[in-house]
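Engineer: What follows is a predicted structure for the sequence shown.
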Amino acid sequence: MKLTGAEILCESLTRLGVRELFGYPGGAILPVYDALGKSKLHHILVRHEQGATHMADGYARASGGVGVAMATSGPGATNMVTGIATAMLDSSPVVCITGQVSSKVLGSDAFQEIDITGITMPITKHNVVVTRAEDIARTIREAFIIASSGRPGPVLVDITKDAQQASAEFDWEASAPKLPPKRIRSNHDKVEFDRAVELLNTAKRPLILAGHGIMVSGAMQAFEQFVRAGNYPVAMTLLGIGCFPAKDPLNLGMMGMHGEAWVNNAIQEADLLIAVGMRFDDRVTGDLRTYARNARKIHIEIDRAEINKNVQVDAALVGDAREVLEKLTPLIENRDHGAWIQHIAELKGDSAVRDIQSLPDTGHLYAAHVINDLWKETNGEAIVVTDVGQHQMWEAQYYHHNRPRTLITSGGLGTMGFALPAAIGAKFAKPDSEVWVVVGDGGFQMTMSELATIVQEKINIKIAIINNGFLGMVRQWQEFFYDKRYVATPLVAPDFAALANAFGIRGERITKRAEVVPVIRSARESAETVLIDFRVEQEDSVYPMVAAGASLSDMIRRPNNPLVETATEP
Amino acid sequence: MQTLIAYVENKPGVLNRVSSLARRLAINIDSLTVGPTENEEIARMTIVAHTDEKGAHRLEASLEKLVDVLLAENISSRALLERDLALIKVSADQQNRPHLMELIKVFRARVVDVAPESLIIEVSGTVDKIDGLLEVLRPFGVLEMARSGRISMTRGGDLLRPPIAPPEVPEGVAVKSQ
């Protein structure tokens, strides 16, 4: 059957199981858009191509499948860069399809020509230029395999306009992927494996560091069995949240820069760290010289390049988390860590007193209140998509996730503006799930144009803006480390509720603690998108905090009297 | 200095991916040679990198993550044969020419071009040998030099073959790449 390259692309995407894709048209991708109109694919028109990549990313993270974003050449493609890098740093399987000028004029600085494969080389898992219609089906199939296999990541496929327009024989069987034959390294070296088992069975104070890789591998069940077999306490990375239920007594919560104090202290006291699908990011370890000095380390990780990158480990088990855990679990003999777990529980005591939730209600509205109330009202079952900054850390601390893929957040790259578009993508992936955006007033203003996408697509998500009138996390650093010189962090914002109304979205503004639960209830009852502007304490900070480069043991704790009299007047 | 061998797809852009990766990891490449193998779809690289063992591991593992890299291996600690080729244009007049020819002989180099005022000398061997010749030629006046960069191969039965080729090796010889 003869089809145009554009038709081959749409047919291939359909056969790969794609239902929705997020994009923005333009000259060099127009043949594809023409074919899209005749296909069963649902195209979501975004307001900026960065939004398209974040939506595809959110779609991928919520579904576990591949998200697809599309843009034209030149500025369309360069606008995708931030979203691609976000997906790269968080190992998210996104396929980006860009139009390119005709192969005949490639390299001539033609209108809207840019070397997008050159630009995205270091921020994609792989990228490729396609100049012939007959190569499109095979290349797209390969892109999906590369994006979703091993350690997932974004793949960019740049298709010249003449390849979209040319006709070629479409034969699905004949266009099977032909990826280069890679060396297969034998996973779990026997020596390393035996050493790991010995470490597991001799540890007195073991602690698991659970990361995103558990979710990517689909290892939740194997992980739980492993945890139960060894009776191990579990600390979570930011992206690991959800891979093990927060309500489980063995789940201690988040580690790292804004991790719970008892978790960081437990890491420093542990004699064995079992890192699963995580990469010892600097936000997790703090100063490497003082990091977990008492602990031997086992690293279960699919990416060999992560082994010994930041932290030297004693046993490296390279491989898929589920496979490795399933092999390890039957060999665990030692599960007697009662005293250690009891000790960690005692470490918690001090923190509960300092917790802002335990303070008497003075009418002040704190971000932590909003998020804690949101957690209670949604029974911890909503998909929460956050932006980057203070609200993100409060979400991680106060919204207790019990299911995987329910916290979607930009971890590695820390991309402001991620939340709103990523939530739109998540809603398309999980149309029956309740999706909440938790976003700061800074990040929201970066991508708020996607409100129009919500309206055009008639989708129902809830948006909670944690509005403190500052670029809060930067302000916090200025407070702690720059003597409160608030340079470029006070932030003017529009009246978000009125702005929402202008888009045709219901908007609310909340200034008092007592109003939080009613507005959340009312928003949840609505079948349409609702935006809530929570005016919270301006100069509250996220505690505890490990300063960048400081030791994990060296945490800045919430002051005994944390109330700062700077609440905005309603 | 660490030596890595990589088998890569023989197609445009792969060299860029490899060198760009080294740049991203802040590893300085001392030399990188690439050429076709007996299989025309596969090219072989010898990468000599200014880094330590840890850096070499990172480079090796990261290289192997590239879709177009079939295999990457740090061979620094193995028994190696290494060769560098140099063409050296040196100024030579009637008077010092005989002396020059003597030195060339000692280094088992060859004269491949003769002009009234200069000679081109071809020499191959280890980096040390070429550096040694260069040292003694310098007083004569080195006008121009081109070096190929190092190519390396593990010695004897220690084979390093691309994963695509079925191992055509006699029984009893370990194929480390498989």
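Structural biologist: Good, I have the coordinates. Remember, it's a predicted structure, so these values are computed and weren't measured experimentally.
Engineer: and the helix or strand harbouring B:Met145, what does it pack onto?
Structural biologist: If you go by DSSP states H and E, B:Met145 is part of strand B:142-147. Counting contacts by 3 or more CB pairs under 8 Å, 6 or more residues apart in numbering or on different chains; DSSP states H and E, strand B:142-147 packs against strand B:80-91, helix B:127-137. Just so you know, the C-beta spots here come from the backbone N, C-alpha and C atoms, and that holds for glycine as well.
Engineer: Could you list the low-confidence segments of the chain?
Structural biologist: Using chain A here. Of all residues in chain A, those with pLDDT under 70 make up the ranges A:186-188, A:350, A:352-354, A:560-570.
Engineer: Can you look at chain B instead?
Structural biologist: If you take pLDDT under 70 as the line, chain B has these spans: B:164-178.
Engineer: Would you map the helices across it?
Structural biologist: B:14-24, B:53-65, B:97-106, B:127-137 (DSSP state H).
Engineer: which bits of the stretch 301-450 of chain A sit near chain B?
Structural biologist: A:303-305, A:307-309 (CB under 8 Å from any CB of the partner chain).
Engineer: Let's have these in CSV, adding distance to B:Ala22, neighbour count and secondary structure.
Structural biologist: Shown next, in CSV, are those (distance: CB to CB, whole Å; neighbours: other CB atoms under 10 Å in any protein chain shown; DSSP: H, G, I helix; E, B strand; the rest coil):
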residue, distance to B:Ala22, neighbour count, secondary structure
A:Asp303, 18, 17, coil
A:Arg304, 17, 21, helix
A:Ala305, 13, 20, helix
A:Ile307, 19, 19, coil
A:Asn308, 19, 17, coil
A:Lys309, 16, 19, coil
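Engineer: And the residues you listed, which two are furthest apart?
Structural biologist: Spatial extent of these (CB to CB) is set by the pair A:Asp303 and A:Asn308 at 11.9 Å.
Engineer: Closest residue of chain B to chain A?
Structural biologist: B:Ala61 (3.7 Å; CB to the nearest CB).
Engineer: just checking, that residue touches A:Ala305?
Structural biologist: Yes: taking CB atoms under 8 Å as the definition, B:Ala61 is a contact partner of A:Ala305 at 3.7 Å.
Engineer: who does the strand holding B:Met145 pair up with?
Structural biologist: Next to strand B:142-147 in the sheet, as set by DSSP bridges, lie strand B:80-91 (antiparallel).
Engineer: Grab the nearest non-local neighbour of A:Ala246.
Structural biologist: Nearest residue to A:Ala246, sequence neighbours excluded (CB to CB, 6 or more residues apart in numbering or on different chains): A:His400, at 3.6 Å.
Engineer: need the contact list for the residue nearest the centre of chain A.
Structural biologist: Of all residues in chain A, the one closest to the mean position by CA atoms, centre = their mean is A:Thr409, 3.4 Å from it. By CB atoms under 8 Å, 6 or more residues apart in numbering or on different chains, A:Thr409 lies in contact with A:238-239, A:385-388, A:392, A:395-396, A:418-419.
Engineer: Likewise for B:Lys11?
Structural biologist: Residues near B:Lys11 by CB under 8 Å, 6+ apart: B:Asp68.
Engineer: got it, and A:His54?
Structural biologist: With contact set as CB under 8 Å, 6+ apart, A:His54 has these partners: A:83, A:86, A:415, A:417-418, A:421-422, A:425, A:447.
Engineer: per-domain residue ranges of chain B.
Structural biologist: Domain segmentation of chain B under automatic domain parsing yields B:2-79, B:81-151.
Engineer: most neighbours per residue, which of those?
Structural biologist: domain B:2-79 (a mean of 18; mean count of other CB atoms under 10 Å in any protein chain shown).
Engineer: Burial check on A:Lys40, number of neighbours?
Structural biologist: The number of residues packed near A:Lys40 is 10, by other CB atoms under 10 Å in any protein chain shown.
Engineer: Could you pull up the contacting residues of it?
Structural biologist: Per CB under 8 Å, 6+ apart, neighbours of A:Lys40: A:Thr14.
Engineer: Look at it and give its secondary structure.
Structural biologist: A:Lys40 falls in the coil class when you classify it by DSSP: H, G, I helix; E, B strand; the rest coil.
Engineer: do stretch A:263-283 and chain B meet at all?
Structural biologist: No: shown here: stretch A:263-283 not in contact with chain B (CB under 8 Å from any CB), separated by at least 12.5 Å.
Engineer: Relative to the whole chain's centre, how far out is that stretch?
Structural biologist: In terms of CA atoms, centre = their mean, to the nearest Å, the centre of stretch A:263-283 is set 20 Å apart from its chain centre.
Engineer: residue boundaries of the helices in the stretch 51-200 of chain A?
Structural biologist: Remark: helices assigned in the stretch 51-200 of chain A by DSSP state H, counting those that start in this stretch are A:75-78, A:81-89, A:116-120, A:136-148, A:161-165, A:190-202.
Engineer: Tell me which of these approaches chain B most closely.
Structural biologist: Of these, nearest to chain B by CB to the nearest CB is helix A:136-148, at 6.0 Å.
Engineer: ok, that closest one near chain B or not?
Structural biologist: Yes: against chain B, helix A:136-148 shows contacts by CB under 8 Å from any CB at A:Ile146.
Engineer: which secondary structure elements does that helix contact?
Structural biologist: Helix A:136-148 packs on helix A:5-15, strand A:94-100, strand A:126-130, strand A:155-160, going by 3+ CB pairs under 8 Å, 6+ apart.
Engineer: by how many degrees do that helix and helix A:5-15 diverge?
Structural biologist: 40 degrees (axes from the mean of the first three to the mean of the last three CA atoms, to 10 degrees).
Engineer: that older thread, most tightly surrounded among the helices and strands packed on helix A:136-148?
Structural biologist: strand A:94-100 (a mean of 30).
Engineer: what distance separates it from the middle of the whole chain?
Structural biologist: 21 Å.
Engineer: Which helix or which strand is home to A:Tyr379?
Structural biologist: That one is not Tyr; residue A:379 is Asn. Per DSSP H and E, there is no helix or strand for A:Asn379.
Engineer: which residues sit in contact with it?
Structural biologist: Contacts of A:Asn379 by CB under 8 Å, 6+ apart: none found.
Engineer: try A:Leu3
Structural biologist: Taking CB under 8 Å, 6+ apart, one finds A:11, A:167-168, A:170 in contact with A:Leu3.
Engineer: State the distance from the spatially most central residue of chain B to B:Ser62.
Structural biologist: For chain B, the residue nearest the mean C-alpha position is B:Arg150 (1.6 Å; CA atoms, centre = their mean). Distance, B:Arg150 to B:Ser62, using CB to CB, to the nearest Å: 21 Å.
Engineer: Can you pull the residues of chain B lying near chain A?
Structural biologist: B:9, B:13, B:16-17, B:20-21, B:24, B:54, B:57-58, B:61-62, B:64-68, B:70-71, B:162-164, B:177-178.
Engineer: Go ahead and confirm A:Asn264 touches A:Ala550.
Structural biologist: No: with contact defined as CB under 8 Å, A:Asn264 does not count as touching A:Ala550 (10.9 Å).
Engineer: more crowded one of the two?
Structural biologist: A:Asn264 (28 against 15).
Engineer: which secondary structure element contains the more buried one?
Structural biologist: Using DSSP H and E, A:Asn264 falls in helix A:261-269.
Engineer: now whatever residue of the stretch 451-570 of chain A ends up closest to chain B, what's its secondary structure?
Structural biologist: Residue of the stretch 451-570 of chain A nearest chain B, by CB to the nearest CB: A:Gly549 (18.8 Å). On the three-state scheme (three-state DSSP), A:Gly549 is labelled coil.
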